[in-house]
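Novice: based on what follows, work out the 3D shape:
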Amino acid sequence: MAAKKTAELIPLCHPIALTKVEVELVPDANAGAVRARATAATTGPTGVEMEALTAVQIALLTIYDMCKAVDRGMTITDVQLVSKTGGKSGTWRRPPA
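Specialist: Numbering: from 1, shown residues only. Have a look, this model is predicted:
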């Protein structure tokens with residue numbers, strides 16, 4: 001739902017007809033963390049990285065909201081774009097760390 005609302009939440013983002021949005025949440029018990037990954041797609045000629053980033057942030061805020069009674073000191077960190085295709089800038093991939 002968050003990916004669909006990106007144009008309403010972020011100034012100058014235009015509405016995009018999304019064909020797919022997937023959010024994956026993976027608990028990491030050793031780190032006491034939840035890792036989130038979002039994938040978004042469209043058949044249009046534009047990239048959908050803002051929609052994927054919005055989906056991740058809102059998913060993590062939802063986890064925070066559900067867990068704040070246990071730990072209000074949680075942090076949301078290291079949200080980053082991994083790769084994108086489409087749009088004027090074409091394909092981009094984050095270099096390996």
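Novice: CA atoms for contacts and neighbours, from now on please.
Specialist: Fine.
Novice: quick one: pLDDT of the nearest residue to H14 once chain neighbours are set aside?
Specialist: Among residues not flanking H14 along the chain, A7 sits closest, at 5.2 Å (CA to CA, 6 or more residues apart in numbering). Model confidence at A7, given as pLDDT, is 95.
Novice: likewise for T19?
Specialist: On the pLDDT scale, T19 gets 96.
Novice: ok, it - contacts?
Specialist: 40-43 (CA atoms under 8 Å, 6 or more residues apart in numbering).
Novice: distance-wise, check the residue nearest to H14 relative to D28.
Specialist: 32 Å (CA to CA, to the nearest Å).
Novice: before we move on, the earlier item: before we move on, what SS does the residue nearest to H14 have?
Specialist: Secondary structure assignment for A7 (DSSP: H, G, I helix; E, B strand; the rest coil): helix.
Novice: thought it was touching C13?
Specialist: Yes. Counting by CA atoms under 8 Å, C13 is a contact partner of A7 at 4.8 Å.
Novice: settle it for me: which of these two has more neighbours?
Specialist: More crowded of A7 and C13, by other CA atoms under 10 Å: A7, with 16 against 12.
Novice: ok, back up a step: can you redo the contacts of T19 as CSV with pLDDT, neighbour count and secondary structure?
Specialist: Listed next are the contacts of T19 as CSV, based on pLDDT from 0 to 100; neighbours: other CA atoms under 10 Å; DSSP: H, G, I helix; E, B strand; the rest coil:
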residue, pLDDT, neighbour count, secondary structure
A40, 96, 20, strand
A41, 95, 21, strand
T42, 93, 15, coil
T43, 91, 12, coil
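Novice: ok so, going back, ok, now which ones touch the residue nearest to H14?
Specialist: Shown in contact with A7 (CA under 8 Å, 6+ apart): 13-16.
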